[in-house]
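[1] Could you work out the structure for the sequence below:
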Amino acid sequence: MNRILDDADIPLRQRGRYQNYRQDPVAADVGRAAIQYLMHGGQQVSKADDLLLESFALGLISRMIAGLNVDLNIESTIKQCSSRRSDKRIDRAIDWVEENVLDQNIRLSDMASVAGYSPCHFGTVFKAKTGSSPYAYILKRRAECARDLIVGTRLPLSHISYQSGFSSQAHMTAIVKRHFGLTPGMMRN
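    Next up, the predicted model:
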């Protein structure tokens, strides 16, 4: 450690501050690699160089945080964020999907707007509550609607696919088979 402090020109009176830090060989290797890159990289710094140096810095910060023994349990953080209020907001979005599931143009931004979330945050909260992404949830509901029409009516499959909100009969067939293990034609027989 003294050799490092000597190389860094740290005055003797200030060295006591640095003696209590634990040595991290991985962080030291990352730091050395960044310094070598800067020394041998030339005079001009490009955007790629900036990105690489930022990656080095993030690596060092990650190592530092890992050494702090902080509880970074993501699962508990998500559960804390999913309060009753957010549950009601997601329920409101699910109700809206139930009313509009047969529409072909349900967009994530529309669902997020109904729930009062940004589209990105809505997808995360929705998946945490329901266990599936909004898109997967919509496909599941459409497949269930299609199954009910296939079994309960004699409508042509092309009409059922349109009424169930699918873009084509082939799309409906693939999704129904994925969810129920049978093609629409097999369900009819």
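
[2] okay, now A143: neighbour count?
    22 (other Cβ atoms under 10 Å). Where C-beta positions appear, they are placed from N, C-alpha and C, glycine not excepted.

[3] right, and it touches A174 too?
    No - using Cβ atoms under 8 Å, A143 is not in contact with A174; the gap is 9.8 Å.

[4] List the buried residues for the helix or strand containing F126?
    Using DSSP states H and E, F126 sits within helix 119-130. For helix 119-130, burial by neighbour count (16 or more other Cβ atoms under 10 Å) applies to 122-123, 125-126, 129.

[5] can you redo these as TSV with pLDDT and distance to S113?
    Formatted as TSV, these follow (pLDDT from 0 to 100; distance: Cβ to Cβ, whole Å):
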residue	pLDDT	distance to S113
F122	90	9
G123	89	13
V125	89	14
F126	90	13
K129	87	17
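
[6] Turn these into CSV, including distance to F180.
    Putting the buried residues of helix 119-130 into CSV (distance: Cβ to Cβ, whole Å) gives the following:
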residue, distance to F180
F122, 28
G123, 25
V125, 28
F126, 23
K129, 24
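
[7] which ones are touching the residue nearest to A57 when sequence neighbours are not counted?
    In this structure, A57 finds its nearest non-sequential neighbour in A34, 7.9 Å apart by Cβ to Cβ, 6 or more residues apart in numbering. A34 makes contact with 53, 56-57 under the criterion Cβ atoms under 8 Å, 6 or more residues apart in numbering.

[8] Okay, domains of this protein per the record?
    2-66, 77-131, 137-188 (automatic domain parsing).

[9] And the contacts of the helix or strand hosting S109?
    For S109, the enclosing helix or strand under DSSP H and E is helix 108-115. By Cβ under 8 Å, 6+ apart, the list of residues contacting helix 108-115 from outside reads 89-90, 92-93, 96-97, 118-119, 121-123, 125-126, 134-135.
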